[in-house]
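Colleague: for reference, the sequence and a predicted model appear below.
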Amino acid sequence: MAKRVRVVRMSVEQPLWRALTAYRILTMLYAILLAVFGRDKYDRPWVAVVFLTVMAVWTLATLPKVAGAVACTKRFLGADLALALAGILLTPLADFQAQHVDGPTLPSIWTAGSVLAFAIKGGWRWAAFASSFVAAANIVERAEPSRDTLHNVLLVWVASIAIGYVVEVARASERTLARALEIEAATRERERLARDIHDSVLQVLAMVQRRGTALGGEAAELGRMAGEQEVALRTLVSSGLVPPTRVSEDAAEGAVVRTVETDDDDAGAPGETDLRALLAPHAGSRVSFAEPGAPVLLTPAAAMELAAAVSAALDNVRVHAGENAQAWILVEDWPHEVIVTVRDDGPGIPEGRLAQAEGEGRLGVALSIRGRLAELGGTAELISVPGQGTEVELKVPKVSRGKAGSVR
């Protein structure tokens, strides 16, 4: 059954969206006031009135669009930037002297709001894209760009890129925090499971082992099996192979609601399975299991086939190495492949025994082990010295090569 832990945190981006909303409203009012107090300079005042009216209606109507990253779509950003550029380029039509005398454009500093929206939504690259269009429009609007014009263009360009970079850093920090919440939730769940199992199942298995050994006979065999299961269960708990956590984010009233879930049916991240969870149950009094501290992730099909090959190798140990043989499973996680080694201290395989078994139609090693690895594009190598045990080395690439690999 899934266990849900809700942690409510304020999104690090939300204050930026609120600031942008306020900025757009204030700069809209500022541009209108500039036009009102400077109305005498316009040769075609109706151009300014029409544009500022459209700008004001657009700003107020699209306030929900700048309330968060989800609502701020690419289509809205494109339309908003187009309106800002249109206002810059329409300035000379309203004021014939605008190309020769330094002064504010029709949208004035409202234009920066469009660029900032790009920065908050997509980071510094989006900011550079939008501010470059604004810079080009300002240079075109000024037939003879002055030092002040170039200074303002550069200021908007640098400031928007800086804000976009800060947003990217904030998002990376938020992802790190989400991962920390996952680890914390997984640790708490693992500790809870360990306490519950220790207080119930492990104690019962230990008691069955002691009583079975004391009674002897068939009870001794039951005690031995209980002891193996106790060791396997202790290994599973101590290895930290507990159900993974998932963190989902939903924007609600300016906050980010994180739901941390633990689900017994989920074996790993979407599309991946932790190989350790499939191999850990093999551990027991006669089988030692050594694993990396971090998850060993493979595709579900590869993990299942590799685990089945390991099971086949252990079956061979039980059948051919004797009742008292010890086996060891070693898992190695390399950048491009996963290596699992199964070794035992049995009598080993006499030379030519495998070829004889295949000739007789007994294809356990050929099909259960080598065949599985070949289908995964991996390799299976068996090394055995009479009197010194047997070692089976299984290698599986992390990325399927689309064809079977070599099998030695």
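Modeller: Cool, the structure landed.
Colleague: mind giving me the packing neighbours of the longest helix anywhere in the chain?
Modeller: Counting residues, the longest helix found in the chain (DSSP state H) is helix 147-199. Judged by 3 or more Cβ pairs under 8 Å, 6 or more residues apart in numbering; DSSP states H and E, helix 147-199 is in contact with strand 3-9, helix 111-122, helix 124-141, helix 218-238, strand 245-252, strand 255-262. Using the backbone N, CA and C atoms, a C-beta is placed for each residue, glycine as well.
Colleague: helix or strand right after that helix?
Modeller: Downstream of helix 147-199, the first helix or strand assigned by DSSP states H and E is helix 201-215.
Colleague: now do that next one, average pLDDT.
Modeller: In this model, helix 201-215 has an average pLDDT of 74.
Colleague: what residues sit buried inside it?
Modeller: Across helix 201-215, burial judged by 16 or more other Cβ atoms under 10 Å covers 202, 205, 208-209, 212.
Colleague: got the angle between that helix and helix 147-199?
Modeller: 30 degrees (axes from the mean of the first three to the mean of the last three Cα atoms, to 10 degrees).
Colleague: how distant is helix 201-215 from the center of its chain?
Modeller: Taking the mean of its C-alpha atoms, helix 201-215 sits 44 Å from the chain's own mean (Cα atoms, centre = their mean, to the nearest Å).
Colleague: one more: stretch 304-314?
Modeller: 29 Å.
Colleague: pLDDT on it, on average?
Modeller: Mean pLDDT, stretch 304-314: 87.
Colleague: check which residues of that stretch are buried.
Modeller: 305-307, 309-314.
Colleague: quick one on the thing from earlier: any idea of the angle the longest helix of the chain forms with helix 111-122?
Modeller: Using the same axes, to 10 degrees: helix 147-199 against helix 111-122 is 30 degrees.
Colleague: A strand includes residue 383, no?
Modeller: Yes - counting by DSSP: H, G, I helix; E, B strand; the rest coil, residue 383 falls inside a strand.
Colleague: so how far is residue 318 from the residue lying closest to it once chain neighbours are set aside?
Modeller: Once flanking residues are discounted, residue 383 sits nearest to residue 391: 4.7 Å by Cβ to Cβ, 6 or more residues apart in numbering. The gap separating residue 391 from residue 318 is 16 Å, by Cβ to Cβ, to the nearest Å.
Colleague: could you do residue 136 as well?
Modeller: 76 Å.
Colleague: ok, residue 292 next?
Modeller: Taken as Cβ to Cβ, the span from residue 292 to residue 318 is 26 Å.
Colleague: pull out the buried residues from the strand or helix carrying residue 374.
Modeller: Using DSSP H and E, residue 374 sits in helix 372-375. Of all the residues in helix 372-375, those buried under the rule 16+ other Cβ under 10 Å are 372-374.
Colleague: same question, stretch 88-97
Modeller: Under 16+ other Cβ under 10 Å, the buried positions of stretch 88-97 are 88, 90-92, 94-95.
Colleague: and stretch 17-30, by the same measure?
Modeller: Buried residues in stretch 17-30 (16+ other Cβ under 10 Å): 17, 20-21, 23-25, 27-28.
Colleague: what is the nearest of those residues to residue 52?
Modeller: Taking Cβ to Cβ as the measure, residue 52 sits nearest to residue 28 out of the buried residues of stretch 17-30, at 8.5 Å.
Colleague: what's the nearest residue to the closest one if we skip its chain neighbours?
Modeller: residue 59 is the one closest to residue 28 (Cβ to Cβ, 6+ apart), at 4.6 Å.
Colleague: just say helix, strand or coil for the one you found.
Modeller: Applying three-state DSSP: residue 59 is helix.
Colleague: neighbours of it, just the number please.
Modeller: 21 (other Cβ atoms under 10 Å).
Colleague: so which strand or helix has residue 93?
Modeller: helix 74-94.
Colleague: off-centre distance for that helix?
Modeller: Worked out by Cα atoms, centre = their mean, helix 74-94 lies 38 Å from the chain centre.
Colleague: quick check, residue 109 in contact with residue 26.
Modeller: No - with contact defined as Cβ atoms under 8 Å, residue 109 does not count as touching residue 26 (9.3 Å).
Colleague: so how far is residue 393 from residue 136?
Modeller: From residue 136 to residue 393 the distance is 62 Å (Cβ to Cβ).
Colleague: those two - which one has more neighbours?
Modeller: Using other Cβ under 10 Å, the more surrounded residue of residue 136 and residue 393 is residue 393, with 17 against 13.
Colleague: going by secondary structure, the closest residue in space to residue 278 that isn't next to it in sequence is in what exactly?
Modeller: Counting by Cβ to Cβ, 6+ apart, the nearest residue to residue 278 once its immediate chain neighbours are dropped is residue 307, at 3.9 Å. Element membership for residue 307 (DSSP H and E) is helix 300-320.
Colleague: quick check: mean pLDDT of the helix or strand that that helix is followed by?
Modeller: Counting by DSSP H and E, the next helix or strand C-terminal to helix 300-320 is strand 327-333. Averaging pLDDT along strand 327-333 gives 92.
Colleague: the buried residues of stretch 17-30 in helices, which ones?
Modeller: 17, 20-21, 23-25, 27-28.
Colleague: how about these in JSON lines, adding pLDDT and distance to residue 284?
Modeller: As requested, these are exported to JSON lines (pLDDT from 0 to 100; distance: Cβ to Cβ, whole Å):
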{"residue": "17", "pLDDT": "89", "distance to residue 284": "56"}
{"residue": "20", "pLDDT": "91", "distance to residue 284": "61"}
{"residue": "21", "pLDDT": "92", "distance to residue 284": "63"}
{"residue": "23", "pLDDT": "92", "distance to residue 284": "66"}
{"residue": "24", "pLDDT": "93", "distance to residue 284": "67"}
{"residue": "25", "pLDDT": "94", "distance to residue 284": "69"}
{"residue": "27", "pLDDT": "93", "distance to residue 284": "71"}
{"residue": "28", "pLDDT": "94", "distance to residue 284": "73"}
